[in-house]
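[1] below are the sequence and a predicted model for it; my questions follow.
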Amino acid sequence: MKPLSSTSSSEAAGALFMAQDRAGYLRVAGKLAIFLAAFAVLEALSYLFIPPLHPLQEVSQKKPPLLQATLDSDAHYDTFFVGSSLTEEGMNPDAFAAGWGGTAFNAGLAGTANVTFAKTVIESIIEKKKPSLIVYGIEHFAFDRGVKEQDTQMFRFLNLYRQRSQIKRWLGRAVRGRFQKLPAFWDARAHVTDFDRRFRRFDGAELHPNGWVEVHAFASMVKNAESPFPGPFQEPPVQVMAIEAIKALSRKTGIPVVFVQYPQSDRALASSPQRYPGFRAFMKSHVTDDGFVFLDFNFEHPFPHENPNLYYDDSHLNSDGARTFAPLLAAEIAKRCHREDAKVVCR
């Protein structure tokens, strides 16, 4: 048995160490609290510098509520178009229906290019509307964003469309190695000015009840300084699994999904030459060879890519381009799909 004095000194030393540990923890917690508070203040202040929306973005901002209201309504449409801004602005549903028949709704949403999000939209459409046909506008850049990006885009889909704060935008670019100069970062006018560079002329845009965002504009002749999608095509597992889930849902419900690559301009095609071969090879092996229809309007099916008056920038069709494209798409689908009573069967 230890002497009393020895035990007391050991207990005192233990109590001292514990007190020091607590003090250390409190210092770390205090620093963490200060950091979080500072970040929250910067985050709040950064919203004072959110760039104003361009008129085209103001129109697109109205699309998620319209889509949600359509899904929740009793309205029936035979065909739904799913995809990103290329679909939202590049597909005139009425012009398509005039060639294919029935009724059509454009469910494309600007800024939602990734396959994981398209899968979510397709699931909602099939569950709530049970259409005869779904046309999914898929591009090579639909594979560039991971599942985390879906969180941001679900806010848009659920009628909480909101631009990310400037500090998050800047940090996101910095993580990807794309640093933005601070003057432009805090200059609200820089955003709209950059957006306007896409147009040779902009005469406004309008959202139609059928979901089509019609853009009255012509593409700028200014050449892009760098490729927006450098490097070869990638196959992230999360996006591949989303493709497989879409196909499985189509087989389960008997509602065909036609995959379409929307026509882009010659300049856009020339800007990412490494990516298209890999994308086409992927779509052949994972879609066409698996019994689904893939229509490539960039390299397989004809479209006047060389005509800049059909685009409002290098990639997006304007109102004239959308009206030109819709009957071409309807004709190609009619070659591969046919109606059997109330169902559509594609081969």
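    Right, received. Where do you want to start?
[2] starting at the chain centroid, how far to stretch 123-140?
    Here stretch 123-140 shows a centroid-to-chain-centroid distance of 15 Å under the convention Cα atoms, centre = their mean, to the nearest Å.
[3] can you check stretch 281-288 too?
    When distances are taken as Cα atoms, centre = their mean, stretch 281-288 is centred 21 Å away from the chain's centroid.
[4] low-confidence ranges, this protein, go.
    The chain contains residues with pLDDT under 70 at 1-17, 19, 42-52, 145-173, 176-191, 224-226.
[5] next, Arg251: secondary structure please.
    Reducing the assignment at Arg251 to three states with DSSP: H, G, I helix; E, B strand; the rest coil gives helix.
[6] count the residues that sit near the residue nearest to Phe297 when sequence neighbours are not counted.
    Ranked by Cβ to Cβ, 6 or more residues apart in numbering and with sequence neighbours excluded, the top spatial neighbour of Phe297 is Pro263, at 4.2 Å. Backbone N, C-alpha and C define where each C-beta goes, glycine included. Applying the criterion other Cβ atoms under 10 Å, we find 27 residues in the vicinity of Pro263.
[7] please apply the same query to Arg22.
    Under the neighbour criterion other Cβ under 10 Å, Arg22 is assigned a count of 10.
[8] same deal with His76?
    As a burial measure, the neighbour count of His76 was computed by other Cβ under 10 Å and equals 12.
[9] what residues are up against it?
    Applying Cβ atoms under 8 Å, 6 or more residues apart in numbering to His76 gives the contacts 103, 129, 131.
[10] and for Tyr262?
    For Tyr262, counting by Cβ under 8 Å, 6+ apart, the contacting residues are 83, 86-87, 90-91, 137, 139, 297, 317, 325.
[11] which stretches in the stretch 151-300 of the chain count as strands?
    For the stretch 151-300 of the chain, the strands identified by DSSP state E, counting those that start in this stretch occupy 199-207, 213-219, 257-261, 294-296, in order along the chain.
[12] for Ser285, find the nearest of those strands.
    Taking Cβ to Cβ as the criterion, Ser285 comes closest to strand 294-296 out of the strands of the stretch 151-300 of the chain, the separation being 10.6 Å.
[13] and after that closest one, which helix or strand comes next?
    Beyond strand 294-296 on the C-terminal side, the first helix or strand identified by DSSP states H and E is helix 319-336.
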